[in-house]
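> Mind looking at a prediction? Sequence and model below.
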Amino acid sequence: MEKLESTRDRATIILVHGAFEHKGRYKELADRFRQDGFSVIYGDLPGQGLSDGKKGHIRSFGDYVETIQSWYEQADPDKKIFLLGHSMGGLAVIRFMEEKQPQLDGVILSSPAVQIRNKTTRPLEALSYLMNVFTPSLRMKAGQNPENVTRNQIKVEEFRQDPLVIDKVSVRWYREFQKAGSRAFQQVNRFPDVPLLVMQAEEDLLVDPARTKEWFNHVDTSEKSYKLWPGLYHEIFNEPENDQVYHYTQSFLSNIINER
């Protein structure tokens, strides 16, 4: 885990990365937040990046929830605290909020992976339940294509050459990921009443935008906003239009900070 302190310290943002990647892919975003007066906490989720354990494998999705809890505990409770989760990190933030119901000031979800677009075939899906019992740590190719992640060719090449990007995940990881998506809907009533911003890429080739909107519609919060980004691919903070995405996010943060 890394904590970037800002001298202005307007608030703390906890960044949670997505599947297959690591915190290093968010350094530019973290630095930008810090320059604008936010302290940033971020790290590698279990089984990814430089974290301990077998890469691409977890015991349960709760490993992610407990990791986010440990980062949350590092934030200054006397300052405003925000959570920002991308893709699977967005799903992990949802489950953290539903399970832990922490005291914080806002949640931002970037293309949250409540349901992926391309599931496995029905026979393989059925087989995964059996394999989860007998060979849970068996890893298989994830089939991640960076061209489907962003239209920013610089980021595509960085992704391809990044030695910390994983290309295999375990059967247990897959089954826990699927289960977490279902529970995000089943326990949506446990999501606490905090300001919520959900930003979804319209041309998302990895997660289903319709299911993101469906989950959003079920959340009962007094202040929530849904932003669909026309033409953007999955990684909205890495798209050529990332300046627009960043300023939209900053506006959400500033509005909460200024009104409280």
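Structure's in. What do you need?
> For the rest of this, base every contact and every neighbour count on C-alpha atoms.
OK.
> which residues does A113 contact?
Going by CA atoms under 8 Å, 6 or more residues apart in numbering, A113 touches S87, M88, G89, G90, L91, G181, V207, D208, T212.
> Now with 7 Å, please.
S87, M88, G90, L91, V207 (CA atoms under 7 Å, 6 or more residues apart in numbering).
> Same question for K227.
Counting by CA under 7 Å, 6+ apart, K227 touches V198, M199, Q200.
> For those, which single residue is the most surrounded?
Neighbour counts for the contacts of K227, by other CA atoms under 10 Å, peak at Q200, which reaches 29 neighbours.
> what's the nearest residue to that residue if we skip its chain neighbours?
Excluding its sequence neighbours, the residue lying closest to Q200 (CA to CA, 6 or more residues apart in numbering) is S111, at 4.5 Å.
> could you give the mean pLDDT of the helix or strand where S39 lies?
Element membership of S39, judged by DSSP states H and E, is strand 38-42. The average pLDDT within strand 38-42 is 98.
> which outside residues touch it?
Here strand 38-42 has contacts from 1-6, 9-16, 23, 30, 34, 71, using CA under 7 Å, 6+ apart.
> again, but for stretch 173-192
Contacts for stretch 173-192 (CA under 7 Å, 6+ apart): 57-58, 60-61, 94-95, 97-98, 101, 114-115, 215, 218-220.
> same deal with stretch 242-255?
I236, F237.
> mind checking how far that stretch is from the chain centre?
Averaging C-alpha positions (CA atoms, centre = their mean, to the nearest Å) puts stretch 242-255 17 Å from its chain's average.
> The chain should start at 735 in everything you say after this.
In the new count, where the first residue is 735, that last one comes out as stretch 976-989.
> and the longest helix for this structure?
In the chain, taking DSSP state H as the definition, the longest helix is helix 976-993.
> can you give me the strands for the stretch 835-984 of the chain?
With DSSP state E, counting those that start in this stretch as the criterion, the stretch 835-984 of the chain has strands at 840-844, 873-875, 902-904, 930-935, 958-963.
> one step back: contact partners for the residue nearest to Q934?
Here S845 is in contact with H820, S821, M933, Q934, A935, H968 (CA under 7 Å, 6+ apart).
> okay if I get the residues you listed as TSV plus pLDDT and distance to I990?
Shown next, in TSV, are the contacts of S845 (pLDDT from 0 to 100; distance: CA to CA, whole Å):
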residue	pLDDT	distance to I990
H820	98	20
S821	98	23
M933	98	17
Q934	98	21
A935	98	23
H968	98	26
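> which residues of the stretch 835-984 of the chain score low on pLDDT?
Across the stretch 835-984 of the chain, the ranges flagged by pLDDT under 70 are 853-858.
> quick revisit: quick one: buried residues of the longest helix of the chain?
For helix 976-993, the neighbour count (16 or more other CA atoms under 10 Å) marks N976, V979, Y980, T983, F986, L987 as buried.
> And the fifth one, how close does it get to P811?
Using CA to CA, to the nearest Å, one gets 20 Å for the distance from F986 to P811.
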